[in-house]
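Visitor: Need a 3D model of the sequence below.
(2 chains)
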Amino acid sequence: MNGLRRFASDRSGMIFHAISSILIFFIWRITGMPSPGLLGRLVPLSWMITALVYGRGGIPRLSVYLLAVFTVSSLFWTADPGFEVISAACGLMGIFPGLQAISSRKFGIVLAVLPLIPMILLLVPFTGDEPHYASITEDLISTGTGRFSAFSTQAGDPLENFSHHQSLYPALMIPGYVLSVPGLRGMNILFAMAALLLISMIFRDSGLKNWRQLTVLGFLLVPGCGILGLVYPGWLAMAVFLAAVYASIRSKRSIWVIAAAIILILIKIRFIGISIGLLAALVIESKGRRKLILPVALVCLAVAGLLFDLVILDGRIFWVRYGNMDFVKVILLQPLYRTPEILIAAASSLVDIESGLLWKAPWVLAGLAGLPLLKKENSKLFIWLGLPALIYFLVLIYWTTANWSGMPTPAGRMLLPLLPVLLASLAIMMKRKGVRILVWASLAISAVLFTYPLLRFNHADGTDALVSRIFGHFSNVTEWVPSAVRFCIPLFAGWIVVAVVMIILLARKSRYTEYFFASAFLVFCLFGGLEKKSWEAEDLPSEYRNFCSIYPDETDPESRVFWFFSRERMLRMSSPDDAVILPLPETEQDSLKLTILHRSFRSGPPAGIEVSCGEWRDSVYASSEVMEAPQWAVIMKDIQLSSRPENLREIRTEFIIPVSDCADSIRIAPLGVEGGNSRFRGIYLDRILFR
Amino acid sequence: MSHIRTGNLVFALSVSVGVLILHGFSFLAMAVCLYAAAAALIKGPRAVTVIVVFLGGLSLLSFGGSLGPLPLTAGIAFAAVFSLSVASRYLFFLSAAAVLIEGAIEGMVPLTAAVLAASPVKNDKWRAIILAGGLSAVLIISGLPSTKACRSLVLQEALSEEGVVWKEPAELNLGMPELLLQAPGIDVACMTLRVSAGGVRDTSPVGYVTSADRTFPVYPGENTLIIEEPEFPVSIRISRSWKPFYHPVVHFHFAEGLL
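Guide: Now for the predicted structure:
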């Protein structure tokens, strides 16, 4: 009896996780929550695996709270579709404190990843570039048609049968290919594990006290999260990068750093920033004559590498992809003509609702605030982790400005190389006021993205999948979040100021930090909860639309990548049956001002808009003119813009609606859209505002 | 009173003033004000306050929508167990009472009673037991709490060469029990729908497709329905109510209306 009691007392954490697993399994079924066969099993399974690997230890208090929140919120899941997401995420998040506790044990970092692996393997859709990488792996081992052969070509390939992706990374996935998608994902989980182990060893050797917990936080807090196990080369590049840093810190031998810099370029040319950063760190850290000889040797090595590629490999690594005038023009023209876009792209990496880290991983603020302290306390670590991260970031922003904000990829995937330096900085900041709140807010978002992986896929259209899913199309929240696609200077600038103030307060150890966080959050919530008075036309729910179509109809942002003025989608009204019917907002005034921003494509008779409300009606006929191409585009390709909706100038039309004569809704319909032979004919609505 | 407590109360007051200015007076607004005051008085681990503030913020974010009172109620039930301050727990009860009077959620009486009963109890295990009893009573007496707002999903129609199509797939469950198909201004001669249903342990219909006074059952498994001269809106609705171990679901795949 005493033995049993001692067992229960020693392993109370394990017993708690096992009982919670059973509890969640039954609560899911008793409340009838959706997806009982998949999510309703995977969430309890992750608790059960946590119990199995937990070993000795007490019950994490926070897990009890989160289990309680899950239990209560699961009762309300039917009351709103958003609550179903919150409830399931709380169910999973309850294991996170346990995973942190596990991390301090032997092999703890590996054990802490295990409970999440079933979710990664079974829930994450195989999309984006993943099938393309898989098809290259397939080509390397078989010449016949395989399961991924349909994905062998892709937009952006420089030549036919020549992928713009390089072959080293797909070649390393060959062992996983036999198990198909789970095998490929498994290989990437192994790459991630290698990177995590390396990061933990670097932190340990650098004297960071909580290095184990930090490493586990590292994979849970990956900006945007859920990218663990995706068939993308990010984690492999991280492993190579960290191996070089570890080798340089331990053995101080340059050869490992140079080898890693070359391998990184062979994995993907995007990682050239890390390579440059590593080599720069090597030069900075070297002493005496080496400091002069090394840069010359590295330049010679780079030239030799380019010549080797040109003469021996027929340019298959660099020249075919980047050895052309267009690429040179891009590099030269970006800073001269596209400075505002580059700056917006840089700011977007922090505040944009779709791709910004403030929204998907707010702990990054603490990481940024701690950088000066990291430099002061451990300058070697700061240089080795920080310099490659900084140069990578600058290259990314500079090179892919147009593709950067609101990318159709999990937020933060491209920022993975920034993780180690920010984590090291977080380690120093962890005890400060407000930091834990940011960390747990980030973990909450990670839990949502683990349980509903589709919510991390955005389409660079100004809406965020997660926000739309939880709050729905009727919510006013989207009016208060900054978006690079729907660019609003005051809003964007306002959120940058909020982020900077947060960073300053954290850096200064201010006692008002938590109050400021809570104020910013609650002010946002207060305004986000107001009645919606303006509508992005393309977001209008079906209730408010009679037919109409979205232009362009595909969600893939690839079709909008060469839109020069705005990459927003539009609501097209091209038939007399098309109409928008909106409820009139409540007002105490006699009249309401309705502003409609639209483009009118003329092909034949003039087209216009009619607004009607009860007996009252008014109409305006107008045609949009084609705008001139931006100067950089003209220099690049001597472009003359064609008459397409995305190239038309926007028209702003205002109507004064006498509320007393009206019904409770207004109708906006196109005029003169019949006839004409252009496939683009019609009215393209952008935004509708009531004042 | 400590500086922190005073700061919290001032903060709660600011939130309350903000709510009343921006949203005006209602019982839900009053519930939020009481909730803010109660949150300011919470004693216990910081995590409890953070969770309560987060749920309160969610409630503010969807103040006008059906989600509004739900996070508030979840926060009240949570804090009634984990807040160590009696005054705070009583304020949470008053907040629950205001939500009850506001009446946006049905079936709240047992939970409100449980919050009241748990408020004076000092032992947190007993409070947890009382709240668990309250939640169980909610399930036994009135089933899952639901909002009074009637929820239906309207699917976007599109014109095709032969008529109208509804090509976006949709999922109906107890959280979103109805789907509406509309074809404004179009006379459809014949409509074909493809739906599938499941999540139940018998073979009775999971839902119904309704067009004016005609009703077609949707059985578990794949269903293809043909409706001659449909009258719009055509509704697809789950007919099952909540029952433990049942997860009724109807998947809408496609519909086409020919002229």
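
Visitor: so what's the nearest residue to A:Ile109 once chain neighbours are set aside up against?
Guide: Closest residue to A:Ile109 in three dimensions, ignoring its sequence neighbours and counting by CB to CB, 6 or more residues apart in numbering or on different chains: A:Thr215, at 5.1 Å. C-beta: built from backbone N, CA, C; applies to glycine. Shown in contact with A:Thr215 (CB atoms under 8 Å, 6 or more residues apart in numbering or on different chains): A:103, A:109, A:196-197, A:199-200, A:203, A:423.

Visitor: Got the domain ranges for the chain?
Guide: Answering for chain A, as no chain was given. What automatic domain parsing lists as the domains of chain A is A:2-122, A:124-495, A:534-690.

Visitor: hmm, I had chain B in mind actually
Guide: Per automatic domain parsing, the structural domains of chain B span B:3-147, B:153-258.

Visitor: that older thread, surely the residue nearest to A:Ile109 is in a helix?
Guide: Yes - according to DSSP: H, G, I helix; E, B strand; the rest coil, the state of A:Thr215 is that of a helix.

Visitor: Look at the residue most central in space within chain A and give its secondary structure.
Guide: Centroid-nearest residue in chain A, with CA atoms, centre = their mean: A:Ala411, separated by 0.7 Å. Put simply, A:Ala411 is coil when judged by three-state DSSP.

Visitor: Tell me if I'm right that it and A:Phe457 touch.
Guide: No - in this structure A:Ala411 lies outside contact range of A:Phe457 using CB atoms under 8 Å: 9.7 Å.

Visitor: circling back to that earlier point, what about the contacts of A:Thr215, which are in helices?
Guide: Counting by DSSP state H, the contacts of A:Thr215 place A:103, A:109, A:196-197, A:199-200, A:203, A:423 in helices.

Visitor: Show me where the stretch 1-150 of chain B has its helices.
Guide: B:3-23, B:27-40, B:46-61, B:69-82, B:86-102, B:109-118, B:124-142 (DSSP state H, counting those that start in this stretch).

Visitor: Also the stretch 451-600 of chain A?
Guide: A:465-471, A:489-507, A:513-528.

Visitor: What's opposite A:Arg652 in the beta bridge?
Guide: Beta bridges link A:Arg652 to A:Leu597 when assigned by DSSP bridges.

Visitor: Can you give me the neighbour number for it?
Guide: When neighbours are counted by other CB atoms under 10 Å in any protein chain shown, A:Arg652 registers 12.

Visitor: Now for it: which residues touch it?
Guide: Contact partners of A:Arg652, counting by CB under 8 Å, 6+ apart, are A:595-597.

Visitor: A:Met430 against A:Arg436, yeah?
Guide: Yes - counting by CB under 8 Å, A:Met430 does reach A:Arg436; the two are 7.5 Å apart.

Visitor: Just checking, which helix or strand of the chain averages the lowest pLDDT?
Guide: Went with chain A since none was named. Using mean pLDDT, DSSP states H and E, helix A:401-404 stands out as the lowest-scoring helix or strand of chain A, at a mean of 66.

Visitor: Not quite, go with chain B.
Guide: Here the helix or strand of chain B ranked lowest by mean pLDDT, DSSP H and E is strand B:146-147, holding a mean of 74.

Visitor: ok, which stretches of the stretch 301-450 of chain A are helices?
Guide: Secondary structure of the stretch 301-450 of chain A, counting by DSSP H, counting those that start in this stretch: helices at A:319-322, A:325-337, A:339-351, A:357-360, A:363-369, A:371-377, A:379-381, A:387-399, A:401-404, A:419-429, A:435-451.

Visitor: out of the ones you listed, nearest to chain B?
Guide: Minimum separation from chain B across these (CB to the nearest CB) falls at helix A:435-451, 5.8 Å.

Visitor: Reformat the helices of the stretch 451-600 of chain A as a markdown table; add distance to chain B and mean pLDDT.
Guide: A markdown table is the format used below for the helices of the stretch 451-600 of chain A (distance: least, CB to the nearest CB, whole Å; pLDDT from 0 to 100):
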| stretch | distance to chain B | mean pLDDT |
| --- | --- | --- |
| helix A:465-471 | 6 | 87 |
| helix A:489-507 | 15 | 95 |
| helix A:513-528 | 4 | 91 |
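
Visitor: Which of these sits closest to A:Asn188?
Guide: Smallest distance to A:Asn188 across the helices of the stretch 451-600 of chain A (CB to CB): 22.4 Å, for helix A:465-471.

Visitor: Now do that closest one: which elements does it pack against?
Guide: Judged by 3 or more CB pairs under 8 Å, 6 or more residues apart in numbering or on different chains; DSSP states H and E, helix A:465-471 is in contact with helix A:81-93, helix A:435-451.

Visitor: before we move on, back to that, compare the contacts of A:Arg652 and tell me which has the most neighbours.
Guide: When neighbours are taken as other CB under 10 Å, the top entry among the contacts of A:Arg652 is A:Ile596 (21 neighbours).

Visitor: I figured it hits A:Tyr684, correct?
Guide: No - in this structure, A:Ile596 is not within contact of A:Tyr684 by CB under 8 Å, at 11.0 Å.

Visitor: mind showing which ranges of the chain have poor pLDDT?
Guide: No chain in the question, so chain A it is. By pLDDT under 70, the low-scoring segments of chain A are A:143-145, A:151-162, A:223-227, A:402-408, A:676-677.

Visitor: actually chain B
Guide: Residues of chain B that meet the criterion pLDDT under 70 lie in B:1-4, B:65-66, B:148-149.

Visitor: Ramachandran coordinates for A:Asp664?
Guide: Dihedral pair for A:Asp664: phi -90, psi 10, per degrees, to the nearest 10.

Visitor: That one contacts A:Leu584, doesn't it?
Guide: Yes - if you go by CB under 8 Å, A:Asp664 and A:Leu584 touch, sitting 5.6 Å apart.

Visitor: So for those two, which sits in the more crowded spot?
Guide: Between A:Asp664 and A:Leu584, A:Leu584 has the larger neighbour count (other CB under 10 Å), namely 17 against 10.

Visitor: circling back: pick the one among the contacts of A:Thr215 closest to chain B.
Guide: Among these, A:Ser103 lies closest to chain B (CB to the nearest CB), at 19.0 Å.

Visitor: residues in contact with the residue nearest to that closest one when sequence neighbours are not counted?
Guide: Leaving aside its chain neighbours, A:Ser103 sits nearest to A:Val216 (4.0 Å; criterion: CB to CB, 6+ apart). Listed by CB under 8 Å, 6+ apart, the contact partners of A:Val216 are A:99-100, A:102-103, A:108-109, A:112.

Visitor: As TSV, those residues with neighbour count would be great.
Guide: Putting the contacts of A:Val216 into TSV (neighbours: other CB atoms under 10 Å in any protein chain shown) gives the following:
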residue	neighbour count
A:Leu99	28
A:Gln100	21
A:Ile102	27
A:Ser103	23
A:Gly108	20
A:Ile109	25
A:Ala112	29
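
Visitor: Tell me which two in those residues are the farthest apart.
Guide: Across those, the longest distance by CB to CB is 10.9 Å; it joins A:Gln100 and A:Ile109.

Visitor: Regarding B:Gly221, what are the backbone dihedral angles?
Guide: Note on B:Gly221: backbone dihedrals following degrees, to the nearest 10 are phi 110, psi -170.
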